[in-house]
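Trainee: A predicted structure for the sequence below; I have some questions about it.
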Amino acid sequence: MRCPSCQTEQNDDNRFCRSCGSPLTGSDSVEQNQSDSSHPASPKVRRKRQVEWPSFKLDVRWVKVALIMGVSAFILVLALSFGLSYALNFLDRSNLMVNLAYSIFENALSIPVQQTVYFINEVHLEFWELLLLIHGGSLHGTLGKVSTLGNITALKDFNLYFPVFFFTFLGGLIIFAVSRITHTFSREKGLTLTSKILCLFIGGLIYSILISILLWITSLSIEYSLETPNLILSLKANITATMVRSFFLFIAMGGIGFGASLKPIKQVLIYLTLFLVLIGGLMFTSWHLSNPKSNSMAQTNTMQQVWKDNLKDPAFYILYPNFLLQEQLYALGGTWKASGNLAQVLSFEQPVELNIIKGGPFLSLVDSEVVAYEQFENQVKFTWHPYALVLGVLFALSRGKIHLDIRTFVTSMFLILLGTVAIIEFTTIRLKINLNNQASAVDSGIIGFSLLQATIAVFIVCTVFALIASALRVFKQRRVVP
């Protein structure tokens, strides 16, 4: 036996080397290794790892879970719309809602004043309209003229998208609760991940089909007629758009309830929500302490002026999440637009585009309007709350630590951009009109953001932040390491 340290010959019963004093424990293994080295090991055979692909065999268990999930969410959301239609019957008498409907009918749809007043008095908030608002507010209408023989000639068709984020959020909470309970039930049943994904998609399809069928039935014969001058207005749900949005809402909120990982942006969502609530409250305080007409056009409906005029109207606070989320997108570089016929709904005589960086432009202004619009632009551009919202977003991103590695960044950006698309789609008002002598619809206005431009702006802000934060982290590490 040899010492592993100095290679001096040793007796078999020695515990320590007589030359260097090193312990001889484990020397058997050393001797064994030396003996093994004389015999070359046989080459190892690498076995291919068998990949187990997801099985899509029909499993009655997840089919039942999907059916229960979709039908339960449909019944509860339907009950919510019934409850809201009774609880919010005061919205028929809301000054804000009446003025908004009047402005859309007269200015955006170009319906004469007498007919507008009649239609507004006849239209009441019903459960199917609440159900429609929960899923994005996609409404299709036809204005026609009745001949003496009873034939109806369509003067114009229009598609109005009027989402109310407050109602969408309530419906999303119900879907989240149902999916969360279903997730617990399916976990006890031992369903695989593939089965859960299929369950989510099948449940969303069932839910969206049931919502679309119900809206198609209930809104099929909603007509308001005016004997003089023989005009008739028919309103019904835009089934295609509603089905797509309801499916998207179910997949998004159901996926979260089913355990979809939001860990990369969990801290971002928490801090961003806190900042939105805080800044929203501070905006009310600043409006209360200031004069809304001191630096802007008296005839323009800014958010501050609308709040002053509807201080005690609950409808304003229902619409306020729309305003606040649009303010957040504007703060991140999105270009807010009020164009086409919808620009007149906000008392703009011309189309308006506002960006926090470049400002206007205001199109086709005469000299008498330039000064007034420049004052309005300066008030909007240099007010404090967009910059406070930007700081809130940057702080939330820093707490979320999306810049730590490329995988975290990609996952976080995907979820952030998905949320941006949802906010744009469920806060932006759109109107498309198709006249009877035109083959295609005319884009007649938007109040909100372009999907592509606002999404790119949010992506740029998050990417620049991640790059700067990563550079600072590397610089700090190099300063610490000698």
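Mentor: Received it, and whenever you're ready, just let me know what you need.
Trainee: ok, which stretches of the stretch 351-482 of the chain are strands?
Mentor: 352-354, 429-435, 442-449 (DSSP state E, counting those that start in this stretch).
Trainee: list the buried ones in the lengthiest helix in the chain?
Mentor: For the chain, the helix with the greatest residue count under DSSP state H is helix 451-480. Using 16 or more other Cβ atoms under 10 Å as the test for burial, helix 451-480 gives 453-455, 457-459, 461-462, 465-466, 469-470. For glycine as for every other residue, the C-beta is placed from the backbone atoms N, C-alpha and C.
Trainee: run the chain-centre distance for that helix.
Mentor: Put simply, helix 451-480 sits 22 Å off its chain's centre (Cα atoms, centre = their mean, to the nearest Å).
Trainee: what does stretch 13-26 give?
Mentor: So, by Cα atoms, centre = their mean, the centroid of stretch 13-26 is 72 Å from its chain's centroid.
Trainee: can you tell me which of the strands of the stretch 351-482 of the chain is most buried?
Mentor: strand 442-449 (a mean of 21; mean count of other Cβ atoms under 10 Å).
Trainee: who does that one pair up with?
Mentor: Strand 442-449 has the following sheet partners, assigned by DSSP bridges: strand 336-340 (antiparallel), strand 429-435 (antiparallel).
Trainee: in a markdown table, list the buried residues of helix 451-480 along with distance to F166.
Mentor: Converted to a markdown table, the buried residues of helix 451-480 look like this (distance: Cβ to Cβ, whole Å):
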| residue | distance to F166 |
| --- | --- |
| Q453 | 25 |
| A454 | 21 |
| T455 | 23 |
| A457 | 25 |
| V458 | 22 |
| F459 | 27 |
| V461 | 26 |
| C462 | 26 |
| F465 | 30 |
| A466 | 32 |
| A469 | 34 |
| S470 | 38 |
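Trainee: quick one: these as TSV, columns for distance to N11 and pLDDT too.
Mentor: Formatted as TSV, the buried residues of helix 451-480 follow (distance: Cβ to Cβ, whole Å; pLDDT from 0 to 100):
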residue	distance to N11	pLDDT
Q453	86	90
A454	84	92
T455	80	93
A457	82	92
V458	78	91
F459	75	91
V461	76	90
C462	72	87
F465	71	86
A466	67	83
A469	65	82
S470	62	81
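Trainee: in this protein, what helix or strand scores lowest on average pLDDT?
Mentor: Across the helices and strands of the chain, mean pLDDT, DSSP states H and E gives its lowest value to helix 27-37, namely a mean of 44.
Trainee: tell me which element G141 falls in.
Mentor: Taking DSSP states H and E as the criterion, G141 maps to strand 138-146.
Trainee: helices or strands up against that strand?
Mentor: strand 152-161, strand 231-237, helix 239-257 (3 or more Cβ pairs under 8 Å, 6 or more residues apart in numbering; DSSP states H and E).
Trainee: can you give me the angle the second one makes with strand 138-146?
Mentor: Going back to what we said before, that points to strand 231-237. Taking axes from the mean of the first three to the mean of the last three Cα atoms, to 10 degrees, one finds strand 231-237 and strand 138-146 inclined to each other by 160 degrees.
Trainee: quick one: strands adjacent to strand 231-237?
Mentor: Strand pairing for strand 231-237, using DSSP bridges, gives strand 138-146 (antiparallel), strand 222-226 (antiparallel).
Trainee: lowest average pLDDT across these?
Mentor: The weakest mean pLDDT among these belongs to strand 222-226, with a mean of 68.
Trainee: quick check: K312 is in a helix.
Mentor: No: assessed with DSSP: H, G, I helix; E, B strand; the rest coil, K312 is coil; it does not lie in a helix.
Trainee: look up how far F323 lies from it.
Mentor: In this view, K312 and F323 are 17 Å apart by Cβ to Cβ, to the nearest Å.
Trainee: who has more neighbours, the two?
Mentor: In this view K312 and F323 are compared by other Cβ atoms under 10 Å, and F323 has more residues nearby, 17 against 6.
Trainee: that one: which element?
Mentor: Assigned by DSSP H and E, F323 falls in helix 314-331.
Trainee: export that helix as PDB, just CAs?
Mentor: What follows is helix 314-331, C-alpha atoms only, in PDB (Å, rounded to 0.1, in the frame of the first residue of the first chain):
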ATOM      1  CA  PRO A 314     -72.600  57.800 -10.200                       C
ATOM      2  CA  ALA A 315     -72.200  57.200 -13.900                       C
ATOM      3  CA  PHE A 316     -69.000  59.200 -14.000                       C
ATOM      4  CA  TYR A 317     -67.400  56.900 -11.400                       C
ATOM      5  CA  ILE A 318     -68.500  53.900 -13.400                       C
ATOM      6  CA  LEU A 319     -66.700  55.300 -16.500                       C
ATOM      7  CA  TYR A 320     -63.700  56.600 -14.500                       C
ATOM      8  CA  PRO A 321     -61.600  53.400 -14.800                       C
ATOM      9  CA  ASN A 322     -61.800  53.900 -18.600                       C
ATOM     10  CA  PHE A 323     -60.400  57.400 -18.200                       C
ATOM     11  CA  LEU A 324     -57.700  56.400 -15.800                       C
ATOM     12  CA  LEU A 325     -56.500  53.500 -17.900                       C
ATOM     13  CA  GLN A 326     -56.400  55.600 -21.000                       C
ATOM     14  CA  GLU A 327     -54.400  58.200 -19.000                       C
ATOM     15  CA  GLN A 328     -51.900  55.500 -18.200                       C
ATOM     16  CA  LEU A 329     -51.500  54.500 -21.800                       C
ATOM     17  CA  TYR A 330     -51.100  58.200 -22.700                       C
ATOM     18  CA  ALA A 331     -48.400  58.600 -20.000                       C
END
